[in-house]
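**Student:** what's the 3D shape of this:
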Amino acid sequence: MSLTQHRRGWVITFSFIIALILTMIPLPSSVEIFRPEWVTLTLIYWCMALPTRVGVGVGFTLGLFLDVIRDTLLGQYALALTLVAFITLHMHQRVRVFPLWQQAMSIFILVMLESVVVLWVKGIIGESVSFWNLMATAGTSMVVWPFVYMVLRHVRRTYQVS
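**Tutor:** Down below sits the predicted model:
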């Protein structure tokens, strides 16, 4: 039983790899601000669906990957995703029973929290970031959430990840 569960862990890993690839795809600068936070959305889904397998440690590791990919100060996304994973794990039983539109509102708040942490760290090191760009990212993530939720739920059920 334990061996089959570990075999299905590749599905979770593969979904995070896809999210990282979607984050790395270059976009025109006019559209870049509307890129959803794919890694954050995927992390939130797996923290809600399988809180015993995906947690704060995974959020920290993914954050380090994002720091390297986005060429930012090492640890800023790690801190933000760790915080998002912690809050998601703390509230996962409540958020799971919400309808998708209410879940999307929760996603907006979590992505805004991540963005505020990143904005705070960038402010400390002297970089300038527009707050409205962060709002656009959170809004797009909120709109994309039902699609991400449906796709990842279908994948989880198809491959019987538990």
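**Student:** quick one: least confident helix or strand in this protein?
**Tutor:** Lowest mean confidence among the helices and strands of the chain (mean pLDDT, DSSP states H and E): helix 2-7, at a mean of 55.
**Student:** and the next helix or strand past that one?
**Tutor:** helix 9-24 (DSSP states H and E).
**Student:** which other helices and strands contact that following helix?
**Tutor:** When contacts are defined as 3 or more C-beta pairs under 8 Å, 6 or more residues apart in numbering; DSSP states H and E, helix 9-24 packs onto helix 38-49, helix 56-69, helix 131-158. Yep, even glycine has a C-beta here, placed from its N, CA and C like the rest.
**Student:** need the winner for burial among those helices.
**Tutor:** Burial of these is given as mean neighbour count (mean count of other C-beta atoms under 10 Å); helix 38-49 ranks first at a mean of 24.
**Student:** show the contacting residues for the residue nearest in space to the middle of the chain.
**Tutor:** Taking C-alpha atoms, centre = their mean, the centroid of the chain lies closest to residue 40, which sits 0.8 Å from it. Residues counted as contacts of residue 40 (C-beta atoms under 8 Å, 6 or more residues apart in numbering) are 81, 84, 110-111, 114, 141.
**Student:** right, and residue 117 touches residue 82 too?
**Tutor:** No - with contact defined as C-beta atoms under 8 Å, residue 117 does not reach residue 82; the gap is 9.4 Å.
**Student:** for the spatially closest residue to residue 9 that is not a sequence neighbour, give me its contacts.
**Tutor:** Once flanking residues are discounted, residue 9 sits nearest to residue 53: 7.3 Å by C-beta to C-beta, 6 or more residues apart in numbering. Neighbour list for residue 53: 9, 12, 46 [criterion: C-beta under 8 Å, 6+ apart].
**Student:** what does the pLDDT read for residue 53?
**Tutor:** Residue 53 is assigned 94 on the pLDDT scale.
**Student:** please identify which helix or strand holds residue 105.
**Tutor:** Assigning secondary structure by DSSP H and E places residue 105 in helix 100-125.
**Student:** returning to what we had before: residue 117 and residue 82: which has the busier surroundings?
**Tutor:** Higher neighbour count among residue 117 and residue 82: residue 82, with 22 against 18, using other C-beta atoms under 10 Å.
**Student:** thank you kindly, that will do.
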